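J.: Quick one, structure for this:
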Amino acid sequence: MKKFTFKKTKIKGLYLIKPKIFKDYRGVFFRYFCSDEYKNIIFKNKILQTNICTNVKKGTLRGLHYQNKPHEETKIVTCVSGEIYDVAVDLRKNSKTFMKYFGTKLSEKNKHILYIPKGFAHGYITLQKNSTIVYLVDSKYNPKSENGIKYNNKKLKIKWPLKPTYISQKDKELDS
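T.: The predicted structure follows:
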């Protein structure tokens, strides 16, 4: 029995994943990652790192971050508590969707998962306080390879669902 539905987005290689949810009187169970099912569809690498980020305030913006070559990352992102608006920007220069973005709500309620391949910038804004995000990564973080794009970059024209209230100084100083 399939435990996931892999939905292609308008950007090649970027998938919205909907897990099969099992509910009963005890609560809810769903699978976030299964190497067998993911590798048959999209993911062929090993997970090398798991990151968890809790944001205590609504309107917290993180991103848009990426790692330069050769330390690019594939990410599998979900929101396990609260709700976020998650954005992936295509930075692959030979792509038909270069500098286009895909945005979607991820929440503890919908349990959706976003698969972001190498060559994308990633960021999100919290739509609820105490939102916790978990992401699996296929590459170890390399601080010397860290890079980013400012969230309000005029070329991207990202339609954030609310105005960011809390932004790190580092993210404020990213190039537009």
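
J.: residue nearest the centroid of this protein?
T.: Compute the mean C-alpha point of the chain, and by Cα atoms, centre = their mean the closest residue is residue 77, 4.5 Å away.

J.: For the one helix or strand that one maps to, buried residues please.
T.: Residue 77 belongs to strand 75-81 when assigned by DSSP states H and E. Within strand 75-81, the residues scored as buried using 16 or more other Cβ atoms under 10 Å are 75-79. Where C-beta positions appear, they are placed from N, C-alpha and C, glycine not excepted.

J.: Check which helices and strands that strand sits against.
T.: Packing partners of strand 75-81 (3 or more Cβ pairs under 8 Å, 6 or more residues apart in numbering; DSSP states H and E): strand 101-107, strand 113-116, strand 131-137.

J.: From the contact counts, what lies against the helix or strand just after that strand?
T.: The C-terminal neighbour of strand 75-81 among helices and strands, as given by DSSP H and E, is strand 83-90. Packing partners of strand 83-90 (3+ Cβ pairs under 8 Å, 6+ apart): strand 60-67, strand 101-107, strand 113-116, strand 120-126, strand 131-137.

J.: The strand holding residue 77 to strand 131-137, inter-axis angle?
T.: For strand 75-81 against strand 131-137, the angle by axes from the mean of the first three to the mean of the last three Cα atoms, to 10 degrees is 160 degrees.

J.: Strand 75-81: partners in the sheet, and parallel or antiparallel?
T.: strand 113-116 (antiparallel), strand 131-137 (antiparallel) (DSSP bridges).

J.: How about the longest helix seen in the chain, which residues are buried there?
T.: The single longest helix within the chain, with elements called by DSSP state H, is helix 35-41. By 16+ other Cβ under 10 Å, the buried positions in helix 35-41 come out as 37-38.

J.: Now that helix - C-alpha only, CSV.
T.: Only the C-alpha atoms of helix 35-41 are listed here, as CSV (Å, rounded to 0.1, in the frame of the first residue of the first chain):
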residue,chain,number,x,y,z
SER,A,35,13.7,5.5,1.7
ASP,A,36,12.1,2.8,-0.4
GLU,A,37,9.1,4.9,-1.5
TYR,A,38,11.1,8.1,-1.9
LYS,A,39,14.0,6.6,-3.9
ASN,A,40,11.6,5.1,-6.4
ILE,A,41,10.1,8.5,-7.2
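
J.: Residues in contact with that helix: which ones?
T.: 2-4, 6, 15, 43, 76, 115 (Cβ atoms under 8 Å, 6 or more residues apart in numbering).

J.: The same query, at a cut-off of 10 Å, please.
T.: The contact list for helix 35-41 (Cβ atoms under 10 Å, 6 or more residues apart in numbering) reads 2-4, 6, 15, 17, 19, 31, 34, 43-47, 76, 113, 115, 136.

J.: okay, how far is it across stretch 88-106, tip to tip?
T.: One end of stretch 88-106 sits 13 Å from the other (Cα to Cα, to the nearest Å).
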